[in-house]
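>>> sequence plus the predicted model coming up.
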Amino acid sequence: MNTLRLYIKSIGMLLRSHLQYTSSFIMQTLAQLVMEGGEMMVVILIVDRFENLKGWSGGNLYFFFGMMSVSFYLTELFGRGITGDFPSMVRTGKLDTFLVRPRGVLTQVMCSGTDPRRITCIAVGIAALIMGSRLSGITWTLTKVFILIESIAMSCLLILGLFMIEAIFSIFSVKSVELVNAITYGGRSACQYPIDIYPAPMRALFTVIAPFALTLHVPVSWILDKPLYGWPMWTAFVTPLSGALIFVIMTILFHLAMRHYRSTGS
Amino acid sequence: MSYIEVNSLKKDFVVKKKREKGKLLREKETVNALKGVSFSVEKGELVGYIGPNGAGKSTTVKILSGILTPDGGEVKVGGIVPWKERKKHVKNIGVVFGQRSQLWWDVPIIDSYNLLKDIYRIPQKDYEERLKELTEALQLEPIMRTPLRLTSLGQRMRAELCGSLLHRPELLFLDEPTIGLDAVSKLSLREFLKWENREHGTTIMLTTHDMEDIEALCSRVMVLGHGKKLFDGKLSDLLERYDTVRNVHVKFSSEYPNLKLPEGVEWQKGEDGIVLSYKPSKLPTAKLLSILQDAGNISELMLQPENTDHMIAAMYKELDL
């Protein structure tokens, strides 16, 4: 519990330091709103043009989009240390200062980054979820709420895990992160639509390597009362756990990589 | 057994060279940052660690503080191998990096300390006591509520020191602590370090390029070069060995005379006049002066020993560093 308290306190402090630059903060938050609003517009235009996409109604599309937005930007909001700031922590030697403190490195990395500007993106996501839910006529039950939360939480862990690949690369001071971006940011853009609109290789990529299909699409299909790509109903509860699995694997690899950390000159 | 035991410590770095034209892969080169360094430090000692840039000073400190894993050799600090039991080890140490901050940039300094309290799990009462003591010793009271980014370099260094000592470490590493500080800040920082060492018996190891730091603080100095330990002992002993050259600044009132200098005297033109350097052991000072007097009308003459920096430079040169 002590660790959680430390995290909350650290994030609180970082929020206050973000707010030291009030006008810049407001401008950037609004810029985020425009950006994510634009993404949402694309979905609205698609729905306006096609009415349905491979059997998915407009409401369904909004719901998928909302799930991805909420998951991705929650991760960015609370895990900025991993999703954005880590390479610069290595470069500037901030990682050294973590290593001389009696706490886990990953804990301290998580404690040292937050991106509160993302709240507008999350707001857009929530709006999309509500719209999607209304238009798809979802009747909410306790089980559905549970699956919704599970899916979001597991997708967050998955996204963290994927960004940790980038972190591991930067421990070895490798700069080629574009490949990783293809499954993190690329994954976000691609998987905000139903997975079955894509050809087989893409589906395989997002089922096996970056399993958004498992953490997001399977449970969402279940919530929308759609068939689960031919899988039995109970899988909707189990497949999202793959997000946690990826996160655990990446955490282990991260710690192995830290043994080879070579610091920067001073 | 000593408090710090270091035995034939080795560390290599692989440096990737820039890719040459026509070659597919970049060549790699192994740099031996440390080639078997051994030393021991007793509890309560104040040790200076010097050497030219790239000698391996920071690497040693990073290994001793558990940041890096060495490629060979043994290290024990208070019976603990730093990189094997990192968390247990770092509870007992404090580290101040001269060029990177450990406190939070945009928040009042006191808030950073509060967070450090949680990170180190310092009991509230102990924390308050220690904070009060350090605030007084480091004169931090006026800047406690100022965000770190608004403080001067000297203030920031004092704040960093306080942050690294809140958990009462037994061992303090300082990596170039006085870099960029003005004279007053340097002096008060040194005073504080002496006080902390005396008052709490804190073992202090500092790397520096500032010889005055060493002169003022350290009873013992270690010289590192090319990844090897070259000297370990008293500063006075080190200086005696290299304190062999004197400088004479001469200004002639007349034209620059044609000097016939004996062998072993080097000269160069200064801003006004000339600077001669000679070894008193080879050429008695009186003899040199008489040569100068014969040569022309001297308007100004100044005789001085080389300063510590010059001596160290001469030493590095002699040792081919």
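In hand now; what should we look at? Numbering: from 1, shown residues only, chains lettered A, B, ... in the order given.
>>> burial check on residue 87, number of neighbours?
By default, I'm working from chain A. Per other CB atoms under 10 Å in any protein chain shown, the neighbour tally for A:Pro87 reads 17. All C-beta atoms are positioned from the backbone trio N, CA, C, and that covers glycine.
>>> let's do chain B instead
Other residues within reach of B:Lys87 by the criterion other CB under 10 Å amount to 12.
>>> leaving out chain neighbours, which residue sits closest to the residue positioned nearest the centre of chain B?
Centroid check for chain B by CA atoms, centre = their mean gives B:Thr208 as the closest residue, at 1.2 Å. The shortest distance from B:Thr208 to any non-neighbouring residue, by CB to CB, 6 or more residues apart in numbering or on different chains, is to B:Glu176 (5.7 Å).
>>> quick one: contacts for the one you found?
For B:Glu176, the residues meeting the contact criterion (CB atoms under 8 Å, 6 or more residues apart in numbering or on different chains) are A:Ser266, B:Phe97, B:Gly98, B:Gln99, B:Thr207, B:Thr208, B:His209.
>>> surely the last one meets B:Gly48?
Okay, so that is B:His209. No. With contacts counted by CB atoms under 8 Å, B:His209 stays clear of B:Gly48, the gap being 10.8 Å.
>>> how about low-confidence regions in the chain?
No chain in the question, so chain A it is. Residue ranges of chain A with pLDDT under 70: A:1, A:173-177, A:264-266.
>>> nope, chain B
B:18-24, B:243-244, B:255-257, B:305-308, B:320-321.
>>> where exactly do the helices run in it?
Here chain B has its helices, by DSSP state H, at B:57-64, B:86-90, B:109-119, B:124-138, B:153-165, B:183-200, B:211-217, B:235-242, B:285-295, B:308-318.
>>> start to end distance for stretch A:105-124?
33 Å (CA to CA, to the nearest Å).
>>> who touches the closest residue to A:Tyr261 other than its chain neighbours in this structure?
Spatial nearest neighbour of A:Tyr261, chain neighbours left out: A:Ile171 (5.4 Å); criterion: CB to CB, 6+ apart. Contact analysis of A:Ile171 by CB under 8 Å, 6+ apart lists A:Val90, A:Phe254, A:Ala257, A:Met258, A:His260, A:Tyr261.
>>> tell me the buried residues within the residues you listed.
Buried by 16 or more other CB atoms under 10 Å in any protein chain shown: A:Val90, A:Phe254, A:Ala257, A:Met258, A:Tyr261, out of the contacts of A:Ile171.
>>> tell me the one of the residues you listed nearest chain B?
Within the buried ones among the contacts of A:Ile171, the smallest distance to chain B is 7.4 Å, found for A:Tyr261 (CB to the nearest CB).
>>> name the residues of chain A found near chain B, please.
For chain A, the contact set with chain B under CB under 8 Å from any CB of the partner chain comprises A:2, A:5-6, A:9-10, A:13-14, A:16-17, A:20, A:92-94, A:96-97, A:99-104, A:108, A:259-263, A:265-266.
>>> for ChimeraX, what selects the buried ones among these?
Entered in ChimeraX, the line below selects the buried ones among these, by 16+ other CB under 10 Å:
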select /A:6,9,10,13,14,17,93,94,96,97,99,100,101,102,103,104,108,261,262,263,266
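>>> in helices only, show me the residues of chain A next to chain B.
Those of those lying in helices (DSSP H): A:2, A:5-6, A:9-10, A:13-14, A:16-17, A:92, A:94, A:96-97, A:99, A:108.
>>> picking that back up, which members of the buried ones among the contacts of A:Ile171 are the farthest-apart pair?
Pairwise distances across the buried ones among the contacts of A:Ile171 (CB to CB) peak at 12.3 Å, for the pair A:Val90 and A:Phe254.
>>> the strands in chain A, which residues?
Assignment of strands within chain A using DSSP state E yields the ranges A:52-53, A:56-57.
>>> for B:Leu224, which of the helices of chain B is the nearest?
Nearest of the helices of chain B (CB to CB): helix B:57-64, 5.7 Å.
>>> how far off centre is the closest one?
Put simply, helix B:57-64 sits 13 Å off its chain's centre (CA atoms, centre = their mean, to the nearest Å).
>>> neighbouring contacts of that helix?
Contact partners of helix B:57-64, identified using CB under 8 Å, 6+ apart, comprise A:96, A:263, A:265-266, B:4, B:6, B:9, B:11, B:33-34, B:37, B:49-51, B:68-70, B:75, B:77, B:82-83, B:95, B:173, B:175, B:205, B:207, B:224.
>>> repeat for stretch B:117-134
Stretch B:117-134 is contacted by residues A:2, A:5-6, A:9, A:101-103, A:108, B:91, B:113, B:116, B:140, B:161-162, B:165-168 when judged by CB under 8 Å, 6+ apart.
>>> again, only using 6 Å
A:Leu6, A:Arg101, A:Arg103, B:Cys162, B:Leu166, B:His167 (CB atoms under 6 Å, 6 or more residues apart in numbering or on different chains).
>>> stretch A:88-96 now?
For stretch A:88-96, the surrounding residues in contact (CB under 6 Å, 6+ apart) are A:Ser170, A:Ser263, A:Thr264, B:Ile67, B:Arg100.
>>> give me the distance from it to the chain's centre.
Taking CA atoms, centre = their mean, one finds stretch A:88-96 lying 24 Å from the centre of the chain it belongs to.
>>> distance between the ends of it?
Terminal residues of stretch A:88-96 lie 12 Å apart, using CA to CA.
>>> just stretch A:82-91 next, same as before
In stretch A:82-91, first residue to last residue: 14 Å (CA to CA).
>>> near the nearest residue to B:Leu261 once chain neighbours are set aside, how many other residues are there?
Closest residue in space to B:Leu261, ignoring its immediate chain neighbours: B:Trp267 at 6.6 Å, by CB to CB, 6+ apart. Per other CB under 10 Å, the neighbour tally for B:Trp267 reads 14.
>>> could you verify my assumption that A:Leu162 touches A:Gly186?
No. Look at A:Leu162 against A:Gly186 with CB atoms under 6 Å: they stay out of range, at 10.0 Å.
>>> between the two, tell me which one has more neighbours.
A:Leu162 (27 against 16).
>>> now the more buried one: closest residue in space that isn't a chain neighbour?
A:Thr184 (4.9 Å).
>>> from chain B, how far out is that neighbour?
Distance, A:Thr184 to chain B, using CB to the nearest CB, to the nearest Å: 26 Å.
>>> how much space between that residue and A:Pro219?
Distance of A:Thr184 to A:Pro219, given as CB to CB, to the nearest Å: 21 Å.
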